[in-house]
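K.L.:
any chance you can model this:
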Amino acid sequence: MPNQPDDLLIPPSLQRRVRTLGHGLHRLSEACQLLAVRLDRGLLDEETTAWIRQWCGDDLARPLPLPVDSALAAEIIWSGKAWQVAVVAGAQDADGESGDLWTSAFMLLHLPVLRSFWGRALRVQRFGWMAKVLPRVWALDTQVLRPGAVIAGLGIPSWQDLPRVMAAGHNFEWLPPAGGRAQPVDAAAWPGTLAEFQGQRLRLRERAAIKPEGRLKASWKRDGTGRIVLDQIC
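P.N.:
Just a heads-up that it's a prediction; the model follows:
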């Protein structure tokens, strides 16, 4: 592992995960390409296919830009043994194309209807820990749910009820449909935000619940055998 500053004390369990995260992101990229093939071949049900095309557009047709042999990095926050990836992007494009493609990938990774696909494509154990540490993203689909249904991961029947979730200690940011900087959700202004972007491709990202003890950026490279190994950490 590359040398680290003396004051960058990272739990050993996090060190192991950071080393393998690059390979995990690579496998996620491959799985997204496989999902695109299944989509093009009509192997998903009609409703799921239409929803993915509506909310991801052509994102699946483009390979995910990886923080492997590139200028991209994964920004990680941690506290004790708890950790989460905040963003995967370059120094200047956290809100640019690479960030948007990863946002689509994170949204699909947490989509309940695709859970069995990810379990097969990533293997269940890898899917489990990646779903825990990668940002949760939702499509702000405002169509009325069937009676008794709730928004997965939030337990609310409508996006109008998001302030209830925030009152329980959760924080979110919304992502503009045409790109640009993520904006923190203001509970009081939330109804106005929904009304302003009604019918547009607005997304919601949950901000990490842990209070960071530290932050780091990690990138990876391929060694002489083609394995993805940790390159830099700072």
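
K.L.:
what residues are up against the residue nearest the centre of the chain?
P.N.:
Against the mean C-alpha coordinate of the chain, by Cα atoms, centre = their mean, the closest residue is residue 106 at 3.0 Å. Contact analysis of residue 106 by Cβ atoms under 8 Å, 6 or more residues apart in numbering lists 134, 135, 136, 137, 205. The way it works is simple: take the backbone N, C-alpha and C, and place the C-beta from them, glycine included.

K.L.:
which of those residues fall in strands?
P.N.:
The members of these that map onto strands under DSSP state E are 137, 205.

K.L.:
dump the C-alpha coordinates for the lowest-mean-pLDDT helix or strand in the chain into PDB.
P.N.:
When each helix and strand of the chain is scored by mean pLDDT, DSSP states H and E, helix 97-109 comes last, with a mean of 85. Taking Å, rounded to 0.1, in the frame of the first residue of the first chain, the C-alpha atoms of helix 97-109 are listed here in PDB:
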ATOM      1  CA  GLU A  97     -20.400  13.900 -17.200                       C
ATOM      2  CA  SER A  98     -18.500  11.300 -15.100                       C
ATOM      3  CA  GLY A  99     -20.400  12.200 -12.000                       C
ATOM      4  CA  ASP A 100     -23.700  12.000 -13.900                       C
ATOM      5  CA  LEU A 101     -22.900   8.500 -15.200                       C
ATOM      6  CA  TRP A 102     -22.000   7.300 -11.800                       C
ATOM      7  CA  THR A 103     -25.200   8.800 -10.400                       C
ATOM      8  CA  SER A 104     -27.200   6.700 -12.900                       C
ATOM      9  CA  ALA A 105     -25.200   3.600 -11.800                       C
ATOM     10  CA  PHE A 106     -25.900   4.200  -8.100                       C
ATOM     11  CA  MET A 107     -29.600   4.800  -8.800                       C
ATOM     12  CA  LEU A 108     -29.900   1.500 -10.700                       C
ATOM     13  CA  LEU A 109     -27.800  -0.400  -8.100                       C
END
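
K.L.:
contacts for stretch 129-149, please.
P.N.:
17, 21, 24, 28, 51, 55, 83-87, 103, 106-107, 109-110, 118, 122, 151, 153-154, 157-159, 174-175, 194, 197-199, 201-206, 208.

K.L.:
and that stretch, how far from the chain's centre?
P.N.:
Centroid separation for stretch 129-149 versus its chain: 12 Å, with Cα atoms, centre = their mean, to the nearest Å.

K.L.:
doesn't residue 114 belong to a helix?
P.N.:
Yes - assignment of residue 114 by DSSP: H, G, I helix; E, B strand; the rest coil places it within a helix.

K.L.:
and it, what is it in contact with?
P.N.:
Contacts of residue 114 by Cβ under 8 Å, 6+ apart are 35, 48, 108.
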